[in-house]
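S.K.: fold the following.
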Amino acid sequence: MANRLSRYSRYTGGPDPLAPPVDLREALEAIGQDVMEGTSPRRALSELLRRGSANMRGADKLAAEANRRRRELLQRNNLDGTLADIKKLLDEAVLAERKELARALDDDARFGELQLESLSPSPAKAVQELAEYDWRSAEAREKYEQIRDLLGREMLDQRFAGMKQALENATDEDRQRVNDMLDDLNDLLDKHAKGEDTPADFQDFMAKHGEFFPENPKNIDELLDSLAQRAAAAQRFRNSLSDQQRAELDSLAQQAFGSPSLMNALNRLDGHLQAARPGEDWTGSQRFSGGDPLGMGEGAQALADIAELEQLAEQLSQSYAGATMDDVDLDMLARQLGDDAAVDARTLADLERALMNQGFLDRGSDGQWRLSPKAMRQLGQAALRDVAQQLSGRHGERDTRRAGAAGELTGATRPWQFGDTEPWNVTRTLTNAVLREAGTSADPSGSRIQITVEDVEISETETRTQAAVALLVDTSFSMVMENRWLPMKRTALALNHLVSTRFRSDDLQIVAFGRYARTVTATELTGLEGVYEQGTNLHHALALAARHLRRHPNAQPVVLVVTDGEPTAHLENFDGSSEVFFDYPPHPRTIAHTVRGFDEISRLGAQVTIFRLGSDPGLARFIDQVARRVGGRVVEPDLDGLGAAVVSDYLSAKRRR
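M.R.: Sure thing, here's the model as predicted:
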């Protein structure tokens, strides 16, 4: 059999059918980070679509490419092409005629030379003056006829793409067929304007003249759309000319195909199209400044391309009310910027649609967009995964769903995962190692078994110890100013996700404290915006934490404090409505109230850990003294390690219990 050769190339039929699905997890993490930094969820989604990702151009880059392409068309080209071609043909015709006349000795030849000498310097007037000239040179006559033919083809090419090439070397019969098409088209549009046309009229027209419409419109409205877009571009071409260029071409147009009939038919057609499609841009213009001359048809196409590029830039900007990536015309984008750009835009639209349709964003009763509980679970999982990587030094995703904590055995086993404190199931662990190494030649004697982390299984247990956990996070403005806002929020998300999925019997309360303190959910903390507000009211936060601990008298109390500044505010008489007292440097009464708050936490038996951020010496002295007073711990993590420090301390407390 003969060898069969296979050729492989890039897939060009749209999105890659073998490409992985849109990565919603990565997108949601990016949105979550923007929300935690103070951006609304809907705006965060818009920003993600504008930025794109490492593997996908965003809307901003696509819009920039459209604008670059538009500038390139304007800076590279000019609209002198047709006039330059006509002047060249006219000069060649006159030169050939003069050569012929120079060889002749009769008086008519001398008169002809005088006529040529007195021709107007304006190409349009010269062509008109030579309309009745009796050419002696066949070459000159042919060049002159080419001028008339070129004008006709250029004018038709402005309204019907490709007509310039189709009518090259056309016969009188071909030109008559074009005239018949224009007459029939104008008659059809006359009837349509009066509401007298029928579908049969359109079908008859297309059966007779369909060759002139390669876009194959299905009805008269589609025909009007395609014709009006091209005619509007032709009008913008005319508007973009200088006054002198416009006058020259208007005069020359009367000579197209040797008579004004073509110009009259096209003017009649333009009137119908402007009346039927007034929404097209009939008055716009552009300023071309390049050196490459464009003919009338090429110029109209360039202006049509510029209009599409401007439309794409507006669609991709997403700056109007109710904008979505589904608004982007993908066929237009592929036509102007290539298939890759259309694939990127389609992926962005799929991403936006998936995030909205799969319930990651909710619209509240007040009309504001919020991250849904489903989205918060994903963000918490991502935050905890990052913490796990820091603590274990291993990479990869870790699912934190668990069946129980340390306690009575349930009889079930499962693979070990980060955070597990249950005992190993030795039998299952060794069995996994043996099965993994079975059939390998690593140790033919079989005398040794090598155990990897993936082999380890643990025995599931039922939780016996419940904890009441209060996480107190500083939300004063210094946290925002010192770039501690986002790490603080991700820490709270990680701990919240760990408690809600791994230690469900524990009860976590998050307390945010600035000038006042208040309890917040993980969702509320995620969307919390930083505001300039003086005061670090740790006293109020400790009072709310003590209230939470007293609600769970049978639970082990745990208090975790994240702060970057000395306490500078307190409540004089905590009854839920007291005024805040603020002073800086910290007033002795503020220090005294805060210390009494720690004492109350200590009397409840709480394990206290304080995570000190920054290098404030006053805070360091205060925290160290308080920790010694209540038997607590002080941790000084860097920002990147804050989440790992808080989660690790919580897990250590679980093990101690």
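
S.K.: measure stretch 573-589 end to end?
M.R.: In stretch 573-589, first residue to last residue: 12 Å (Cα to Cα, to the nearest Å).

S.K.: buried stuff in it?
M.R.: Along stretch 573-589, these residues count as buried under the neighbour rule (16 or more other Cβ atoms under 10 Å): Phe574, Val580, Phe581, Phe582, Pro586, His587. Quick note: C-beta positions are derived from backbone N, CA and C, even for glycine.

S.K.: could you give the mean pLDDT of it?
M.R.: Stretch 573-589 shows a mean pLDDT of 78.

S.K.: how far does it sit from its chain's centre?
M.R.: The chain centre lies 48 Å from the centre of stretch 573-589; the measure is Cα atoms, centre = their mean, to the nearest Å.

S.K.: likewise stretch 554-566?
M.R.: Counting by Cα atoms, centre = their mean, stretch 554-566 comes out at 41 Å from the chain centroid.

S.K.: then it to CSV, C-alphas only?
M.R.: Extracted C-alpha coordinates of stretch 554-566, given in CSV (Å, rounded to 0.1, in the frame of the first residue of the first chain):
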residue,chain,number,x,y,z
ASN,A,554,-20.1,23.4,77.7
ALA,A,555,-17.7,24.2,74.8
GLN,A,556,-13.9,24.8,75.0
PRO,A,557,-13.4,28.6,74.6
VAL,A,558,-10.8,29.8,72.1
VAL,A,559,-10.1,33.4,71.4
LEU,A,560,-7.9,34.5,68.4
VAL,A,561,-7.0,38.2,68.0
VAL,A,562,-5.5,39.7,64.9
THR,A,563,-4.5,43.4,65.3
ASP,A,564,-1.8,45.9,64.2
GLY,A,565,-2.3,48.7,66.7
GLU,A,566,-2.7,49.6,70.4
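
S.K.: tell me the buried residues in it?
M.R.: For stretch 554-566, the neighbour count (16+ other Cβ under 10 Å) marks Ala555, Gln556, Pro557, Val558, Val559, Leu560, Val561, Val562, Thr563, Asp564, Gly565, Glu566 as buried.

S.K.: let me see the domain layout of the protein.
M.R.: As given by the TED database, the domain ranges for the chain are 24-76+333-371, 173-286, 408-462, 467-655.

S.K.: circling back to that earlier point, pick out the most distant pair among the buried residues of stretch 573-589.
M.R.: Greatest spatial distance in the buried residues of stretch 573-589: Phe574 and Pro586, 18.1 Å, computed using Cβ to Cβ.

S.K.: can I get the domains of the chain in a markdown table with distance to Ile86?
M.R.: Putting these into a markdown table (distance: least, Cβ to Cβ, whole Å) gives the following:
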| stretch | distance to Ile86 |
| --- | --- |
| domain 24-76+333-371 | 22 |
| domain 173-286 | 7 |
| domain 408-462 | 79 |
| domain 467-655 | 66 |
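
S.K.: give me the beta-bridge partners of Asn77?
M.R.: Asn77 forms beta bridges with Asp292, as assigned by DSSP bridges.

S.K.: quick one: pLDDT of it?
M.R.: Predicted confidence (pLDDT) for Asn77: 93.

S.K.: could we number from 658 for the rest of this?
M.R.: Noted, 658 is the first residue going forward, which turns the last one into Asn734.

S.K.: give me the below-cutoff pLDDT ranges for the stretch 1108-1257 of the chain.
M.R.: Applying pLDDT under 70 to the stretch 1108-1257 of the chain flags the ranges 1118-1122, 1231-1234.

S.K.: show me the helices in it, by range?
M.R.: Using DSSP state H, counting those that start in this stretch, the helices found in the stretch 1108-1257 of the chain span residues 1134-1138, 1142-1158, 1179-1183, 1195-1207, 1245-1260.

S.K.: and Arg805, which of the ones you listed is closest to it?
M.R.: Across the helices of the stretch 1108-1257 of the chain, Arg805 has its closest neighbour in helix 1142-1158 (72.3 Å, Cβ to Cβ).

S.K.: burial count for Lys930?
M.R.: Quick fix: residue 930 reads Leu, not Lys. Using other Cβ atoms under 10 Å, Leu930 has 24 other residues around it.

S.K.: that one should be in a helix, yeah?
M.R.: Yes: counting by DSSP: H, G, I helix; E, B strand; the rest coil, Leu930 is found in a helix.

S.K.: for it, give me the pLDDT.
M.R.: At Leu930, the pLDDT value in this model is 93.

S.K.: that one contacts Ala885, doesn't it?
M.R.: Yes: at 4.5 Å, Leu930 and Ala885 qualify as touching, with contact defined as Cβ atoms under 8 Å.

S.K.: give me the pLDDT for Thr1004.
M.R.: For Thr1004, the pLDDT comes out at 85.

S.K.: need the nearest residue in space to Ala1002, chain neighbours excluded.
M.R.: Val985 (5.0 Å; Cβ to Cβ, 6 or more residues apart in numbering).

S.K.: hmm, Leu973 and that neighbour touching each other?
M.R.: Yes: between Val985 and Leu973 there is a contact at 6.2 Å, judged by Cβ under 8 Å.

S.K.: find the residues that touch each one of these two.
M.R.: Common contact partners of Val985 and Leu973 (Cβ atoms under 8 Å, 6 or more residues apart in numbering): Ala1002.

S.K.: these two: who's more crowded?
M.R.: Neighbour count, other Cβ under 10 Å: between Val985 and Leu973, Leu973 has more, with 28 against 24.

S.K.: quick one: the strands in the stretch 1008-1157 of the chain?
M.R.: 1018-1020, 1026-1028, 1064-1072, 1114-1120, 1124-1131 (DSSP state E, counting those that start in this stretch).

S.K.: let me see the mean pLDDT of the first one.
M.R.: Throughout strand 1018-1020, pLDDT has a mean value of 70.

S.K.: check the longest one too.
M.R.: Averaging pLDDT along strand 1064-1072 yields 69.

S.K.: try stretch 901-912
M.R.: Across stretch 901-912, pLDDT averages out at 86.

S.K.: buried set for it?
M.R.: In terms of neighbour count (16+ other Cβ under 10 Å), stretch 901-912 has its buried residues at Gln902, Glu905, Leu906, Leu909, Ala910, Gln911, Gln912.

S.K.: name the secondary structure element that contains the closest residue to the fifth one other than its chain neighbours.
M.R.: The spatially closest residue to Ala910, leaving aside those adjacent along the chain, is Met920, at 4.6 Å (Cβ to Cβ, 6+ apart). Element membership of Met920, judged by DSSP states H and E, is helix 918-933.

S.K.: how many neighbours does Arg733 have?
M.R.: Applying other Cβ under 10 Å, we find 14 other residues in the vicinity of Arg733.

S.K.: you'd agree it is up against Ala959?
M.R.: No: with contact defined as Cβ under 8 Å, Arg733 does not reach Ala959; the gap is 9.5 Å.

S.K.: quick check: neighbours shared by those two?
M.R.: Contacts common to Arg733 and Ala959, judged by Cβ under 8 Å, 6+ apart, are absent.

S.K.: show me what the helix holding Met920 is packed against.
M.R.: Applying 3 or more Cβ pairs under 8 Å, 6 or more residues apart in numbering; DSSP states H and E, we find helix 918-933 packed against helix 795-816, helix 829-850, helix 877-897.

S.K.: dump the C-alpha coordinates for the first one into CSV.
M.R.: So that's helix 795-816. Extracted as CSV, the C-alpha positions of helix 795-816 are listed here (Å, rounded to 0.1, in the frame of the first residue of the first chain):
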residue,chain,number,x,y,z
ALA,A,795,-5.9,53.6,-30.9
GLU,A,796,-3.8,53.3,-27.7
ALA,A,797,-4.9,56.8,-26.6
ARG,A,798,-8.6,56.0,-27.3
GLU,A,799,-8.2,52.8,-25.3
LYS,A,800,-6.7,54.6,-22.3
TYR,A,801,-9.5,57.2,-22.4
GLU,A,802,-12.1,54.4,-22.4
GLN,A,803,-10.4,52.8,-19.5
ILE,A,804,-11.0,56.0,-17.5
ARG,A,805,-14.7,55.8,-18.0
ASP,A,806,-14.7,52.0,-17.3
LEU,A,807,-12.7,52.5,-14.1
LEU,A,808,-15.0,55.2,-12.8
GLY,A,809,-18.0,52.9,-13.4
ARG,A,810,-16.4,49.9,-11.7
GLU,A,811,-15.2,52.0,-8.7
MET,A,812,-18.6,53.5,-8.2
LEU,A,813,-20.3,50.1,-8.3
ASP,A,814,-17.5,48.6,-6.1
GLN,A,815,-18.5,51.2,-3.4
ARG,A,816,-22.0,49.7,-3.2
